[in-house]
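Trainee: Show me how the following folds:
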Amino acid sequence: MNNFRFYFVYWSNENQGNPKWLRVACSELDPTFSWLTKQLATMLNVPTSACRLRVGDKFVENLSCISSDPNDLNFHSLGETLYLTTFDQNDLGKPIQIFCKINGNSSTVLQCYEHTLVEELKLIVQQKTQSAPCEQRLTFSGQTLENGTRLSDYNVQNNSEIQHQQNMKGGFLKKSNRFVDLADLSAVVEIPFVTSAPEWRLAEKGLCLEGKCENKKCKAFNQMVVINMNMGIFDYFQDMTPLNTKCPICQTEVNVITCALNNCEWRWAGEKQISQYSMKREKLPKDKSFKRVGNVYHYFKVNTETGEHLTSWAALKIETKELHQEQRCQPCNGLIHSGDEFKTQCNHFFHTYCFNNWINSAKQINKPTKCPECNAFLLIE
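Mentor: Residues are numbered from 1 along each chain as shown. Down below sits the predicted model:
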């Protein structure tokens, strides 16, 4: 006689109330999560793609099996309770087929739905490529398909082609999304420039990435090297590639963990990942105005051993541009900061408020509008 083991699953539907308990009997000692998901889908008469199973805050695609091993999430300490969320069939939309280009090579056909979750699509891709969902990066029309979103959010339609890239040794995806916490002001150190430095510590204007060279044959081995990104918009998840993160000495890939800025104006925007297995994000206030950094090395320090000042990012962009010479507003003689300036046709800068007052004063006495700096006539709409 088989010894049946019962698994209790707390089930809820995304669009319905009244969650309830389900009981699944199993004669196997260590059933796979895939098997359990199929059993639950059969019980509820829904496709497996409409089921979302987790233990605690960890989703099943990150786990191997329901095991009696105490190291497997302390499964018994959770009272053998799993959590299942299902989505109505109508919420998934119509069945569609899409093409997935694997690592820039051949394409394969994937069967899914208009509103399939990205996490579910990664499970489908896993069946074709044997790559774990956490190792996958899927893109469509230049956009990364993010966990917690659906295909329809990116206008993926029938016969659309998405791109699959795998995070593997020699590939170009990062193995970690751990990077310095730019919101942590206690991490900032301003270091004066010196007249001489090792060639792997030469910084150019703009954004400088830093990481430790791990090539034992390189003379910069075990040293933090500077990788110059100069000016522009740096997207952490798009631009952190082996081509962009090479040691300046040996040209091998460096695991970048922090950055610095100098002689530029800069701002950043991003979202932190709350936990490794959670879809929840912490959206941080966006810097609308640029900050100015002069002739110093504006460095974000990190501790690689303790992880101090590091965080996990779900999205991060750093924008840098050339540092304008210090400008003063002629009417008030005050410094002009980025984001609070008005530029005339004759290329002079003023505070927006001061310039508007200047123009309004001229209009009130019927005088022609001229530049306060050079007295040139201005065309004001």
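
Trainee: Tell me the secondary structure of Glu308, please.
Mentor: What DSSP: H, G, I helix; E, B strand; the rest coil gives for Glu308 is coil.

Trainee: ok, now how distant is the nearest residue to Lys363 once chain neighbours are set aside from Gln327?
Mentor: Sequence neighbours aside, Thr369 is the residue nearest to Lys363 in space, at 7.5 Å (criterion: CB to CB, 6 or more residues apart in numbering). C-betas here are computed from N, CA, C, even on glycine. Thr369 is 20 Å from Gln327, where distance means CB to CB, to the nearest Å.

Trainee: And for Cys259?
Mentor: For Cys259 relative to Gln327 (CB to CB), the value is 27 Å.

Trainee: Compare the two (neighbour count), which wins?
Mentor: Using other CB atoms under 10 Å, the more surrounded residue of Cys259 and Gln327 is Cys259, with 25 against 17.

Trainee: any idea of the pLDDT on the residue positioned nearest the centre of the chain?
Mentor: For the chain, the residue nearest the mean C-alpha position is Ala315 (2.1 Å; CA atoms, centre = their mean). Note on Ala315: pLDDT of 84.

Trainee: so where does it fall, helix or strand?
Mentor: strand 310-322 (DSSP states H and E).

Trainee: so Ser312 touches Asn177, yeah?
Mentor: Yes: with contact defined as CB atoms under 8 Å, Ser312 reaches Asn177; the gap is 5.2 Å.

Trainee: Overlap of the contact sets of the two?
Mentor: Common neighbours of Ser312 and Asn177 (criterion: CB atoms under 8 Å, 6 or more residues apart in numbering): Gln273.

Trainee: okay, these two: which has more neighbours?
Mentor: Between Ser312 and Asn177, counted using other CB under 10 Å, the more crowded position is Asn177 (17 against 14).

Trainee: Could you list the residues in contact with the helix or strand where Phe342 lies?
Mentor: Secondary structure from DSSP H and E places Phe342 in strand 341-343. Strand 341-343 is contacted from outside by Gln327, Phe349, Phe350, His351, Thr352, Phe355, Asn356, using CB under 8 Å, 6+ apart.

Trainee: just those residues now: which is nearest Ile162?
Mentor: Relative to Ile162, the closest of the contacts of strand 341-343 is Thr352; by CB to CB it sits at 44.3 Å.

Trainee: Next one: that closest one from Arg267, what distance?
Mentor: Taking CB to CB as the measure, Thr352 falls 19 Å from Arg267.

Trainee: When those two are compared, which one has more neighbours?
Mentor: Between Thr352 and Arg267, Arg267 has the larger neighbour count (other CB under 10 Å), namely 17 against 14.

Trainee: domain parsing for the protein?
Mentor: Split into domains by automatic domain parsing, the chain comes to 5-90, 93-166, 178-322, 327-381.

Trainee: thinking Asp235 is in contact with Lys317, fair?
Mentor: Yes: Asp235 lies in contact with Lys317 (CB under 8 Å); the separation is 5.2 Å.

Trainee: rewinding a little: any idea how far Lys301 is from the residue nearest to Lys363?
Mentor: Per CB to CB, Thr369 is found 50 Å from Lys301.

Trainee: Filter the contacts of strand 341-343 down to the buried ones.
Mentor: With burial judged by 16 or more other CB atoms under 10 Å, the buried subset of the contacts of strand 341-343 is Gln327, Phe349, Phe350, His351, Phe355.

Trainee: just how off-centre is the helix or strand harbouring the last one within its chain?
Mentor: In this structure, Phe355 is located in helix 352-364 according to DSSP H and E. In terms of CA atoms, centre = their mean, to the nearest Å, the gap separating the centre of helix 352-364 from the centre of its chain is 44 Å.

Trainee: on contacts alone, who are the packing partners of that helix?
Mentor: Where contact means 3 or more CB pairs under 8 Å, 6 or more residues apart in numbering; DSSP states H and E, helix 352-364 is packed against strand 341-343.

Trainee: got the buried residues for the strand it packs on?
Mentor: Judged by neighbour count using 16+ other CB under 10 Å, the buried positions of strand 341-343 are Phe342.

Trainee: Spatially nearest residue to Glu161 (excluding sequence neighbours)?
Mentor: Nearest residue to Glu161, sequence neighbours excluded (CB to CB, 6+ apart): Phe99, at 4.2 Å.

Trainee: swap in Glu265?
Mentor: With sequence-adjacent residues excluded and distances taken as CB to CB, 6+ apart, Glu265 is closest to Phe290, at 3.8 Å.

Trainee: pretty sure the one you found is touching Ile318, no?
Mentor: No: counting by CB under 8 Å, Phe290 does not reach Ile318; the two are 11.4 Å apart.

Trainee: So between these two, which is more surrounded?
Mentor: Higher neighbour count among Phe290 and Ile318: Ile318, with 23 against 18, using other CB under 10 Å.

Trainee: on that earlier part again, would you mind measuring from the residue nearest to the centre of the chain to Phe300?
Mentor: Going from Ala315 to Phe300 by CB to CB gives 18 Å.

Trainee: and if you look at Pro192?
Mentor: Computed with CB to CB, the distance linking Pro192 and Phe300 is 17 Å.

Trainee: what about those two, which has more around it?
Mentor: Applying other CB under 10 Å to Pro192 and Phe300 shows that Phe300 carries more neighbours, namely 21 against 7.

Trainee: Tell me who's in contact with the closest residue to the more buried one other than its chain neighbours.
Mentor: The shortest distance from Phe300 to any non-neighbouring residue, by CB to CB, 6+ apart, is to Val180 (4.3 Å). By CB under 8 Å, 6+ apart, Val180 lies in contact with Ala187, Ile257, Thr258, Cys259, Phe300, Val302, His309, Leu310, Thr311.

Trainee: switch the cut-off to 10 Å
Mentor: Residues in contact with Val180 (CB atoms under 10 Å, 6 or more residues apart in numbering) are 187-188, 210, 256-260, 299-302, 309-311, 313, 316.

Trainee: That concludes my questions; thank you for your assistance.
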